[in-house]
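Kindly generate the corresponding structure for this input.
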Amino acid sequence: MALKICLAVAGTAATIQPWDFLVAALTGLGVSVEVVDLAVQPVAALAGELAARRQRGEPCRLVVWGAEDHALELRAFAELGQMVIVPAPDGPIRDD
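Numbers count the residues shown, from 1 in each chain. I've put the predicted structure just below:
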């Protein structure tokens, strides 16, 4: 089963989507990428979906792009496993 990445972003309505290069690179390597807008899907709902995938044995990793506040909320869901947090390129990096 191929690896799948759930790329969680805050606001996909932006004209320029800075994560496009990452999606293109991963897709070129055969990784399936699903982009989820955290402004539309509640954090708890996303956590529930990803936890259900893990229970079914689907290899899905979570990458949170530029949404540190949402990432902190997602940390409360232990059944998600490890996640990658990419800070907003123009924002401050939080200590927590």
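
which residue ranges form the strands in this structure?
Assigned by DSSP state E, the strands in the chain fall at 4-9, 32-37, 60-65, 83-86.

Now these in TSV, please, with extra columns for mean pLDDT, mean neighbour count and distance to Val23.
To be clear about C-beta, it is placed using only N, CA and C from the backbone, and glycine gets the same treatment. Formatted as TSV, the strands of the chain follow (pLDDT from 0 to 100; neighbours: other Cβ atoms under 10 Å; distance: least, Cβ to Cβ, whole Å):
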stretch	mean pLDDT	mean neighbour count	distance to Val23
strand 4-9	86	20	7
strand 32-37	88	15	5
strand 60-65	86	21	10
strand 83-86	85	16	12
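
Quick check: Trp19 vs Leu38, distance?
Look at Trp19 and Leu38: by Cβ to Cβ, to the nearest Å, they are 13 Å apart.

With neighbour numbers in mind, choose between the two.
Shown here are Trp19 and Leu38; by other Cβ atoms under 10 Å, Leu38 has more neighbours (22 against 16).

So that one versus Val63, what's the distance?
Taken as Cβ to Cβ, the span from Leu38 to Val63 is 12 Å.

which residues do the two both contact?
Common contact partners of Leu38 and Val63 (Cβ atoms under 8 Å, 6 or more residues apart in numbering): Ala8.

quick one: contacts for Glu79?
By Cβ under 8 Å, 6+ apart, the neighbours of Glu79 are Ala47, Ala51, Arg54, Gln55.

Could you give the number of residues near Leu22?
There are 16 residues near Leu22, going by other Cβ under 10 Å.

Skipping adjacent residues, who's closest to it in space?
Leu7 (7.3 Å; Cβ to Cβ, 6 or more residues apart in numbering).

Over to Val31?
Val31's closest residue in space is Leu3 (Cβ to Cβ, 6+ apart), at 5.2 Å.

Contact partners for the one you found?
Going by Cβ under 8 Å, 6+ apart, Leu3 touches Val31, Ser32, Pro59, Cys60, Arg61.

now, which of the residues you listed sits nearest Ile85?
Of all the contacts of Leu3, Ile85 sits closest to Arg61, with 12.1 Å by Cβ to Cβ.
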